[in-house]
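Asks: This is a predicted model, with the sequence first.
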Amino acid sequence: MGPNGVLTLSIPVKKSRGKKNFLKEIRIDYDTPWHKIHWRSLVASYASSPFFEFMMDDLITFYENKFEFLVDLNHQLMEKTLRLMGLNIPIRYSNSFTEMTGSGDPRYFIHPKMDHTVLDPDFQSLEYHQVFSDRLGFQSNMSILDLLFNEGPVALSILQNSLRT
């Protein structure tokens with residue numbers, strides 16, 4: 001969440017014409033300095049948040065180092081965010097692809113091309129303090145970084161209490 005509203009930050013990837021790539025083969029494209037733009041956006045958006053200063057050293061390395069493959073960056077970011085929430089959950093990969101089973105499949109709600117107005121019926125985001133909520137109101141379903149920078153050690157509790165099951 002930036003001072004002017006929701007920011008969409010995406011990582012550009014190198015395209016292979018005419019063929020599908022395995023997820024593990026997708027390479028990050030550094031032709032534009034997206035990593036510098038992302039970090040500057042995070043600083044501009046969260047420098048005044050309560051926990052940014054405590055977490056920035058843990059996260060800046062993801063924007064200073066160049067990862068070749070998107071899966072490696074994602075893996076390390078997942079490990080770091082889990083640790084920042086106090087969780088020790090091993091990340092495992094499968095050797096095969098399982099087709100999505102429809103709207104009941106959890107992957108349905110995180111698909112990058114999904115209509116984000118469709119909400120997960122088992123998740124109702126609890127409101128928490130956000131840097132610009134005084135001007136823009138509370139914005140649900142933001143990045144995990146938004147929750148961590150704004151709420152720090154209670155981020156996990158907020159997520160757990162947002163589950164309807």
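Replies: Sure thing, it's come through.
Asks: Any stretches of this protein with poor pLDDT?
Replies: 108-120, 165 (pLDDT under 70).
Asks: same thing but 80
Replies: Within the chain, the segments meeting pLDDT under 80 span 16-21, 97, 101-123, 164-165.
Asks: Tell me which residue is most central in it.
Replies: Centrality entry for the chain: nearest residue to the mean C-alpha point is Ser143, 4.6 Å, by C-alpha atoms, centre = their mean.
Asks: if we look at stretch 21-37, which residues are touching it?
Replies: Residues from elsewhere that reach stretch 21-37 (C-beta atoms under 8 Å, 6 or more residues apart in numbering): 9-14, 62-64, 66-71, 73. For glycine as for every other residue, the C-beta is placed from the backbone atoms N, C-alpha and C.
Asks: my bad, should have said stretch 4-13
Replies: Against stretch 4-13 from outside (C-beta under 8 Å, 6+ apart): 1, 26-29, 31-32, 34, 37-38, 41, 45, 70, 73, 136, 139, 142.
Asks: among those, which are in helices?
Replies: Among the contacts of stretch 4-13, the members falling in helices (DSSP state H) are Trp34, Ile37, His38, Ser41, Ser45, Leu70, Leu73, Leu136.
Asks: Those residues into JSON lines, with extra columns for neighbour count?
Replies: Formatted as JSON lines, the ones in helices among the contacts of stretch 4-13 follow (neighbours: other C-beta atoms under 10 Å):
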{"residue": "Trp34", "neighbour count": "16"}
{"residue": "Ile37", "neighbour count": "12"}
{"residue": "His38", "neighbour count": "16"}
{"residue": "Ser41", "neighbour count": "13"}
{"residue": "Ser45", "neighbour count": "22"}
{"residue": "Leu70", "neighbour count": "19"}
{"residue": "Leu73", "neighbour count": "17"}
{"residue": "Leu136", "neighbour count": "15"}
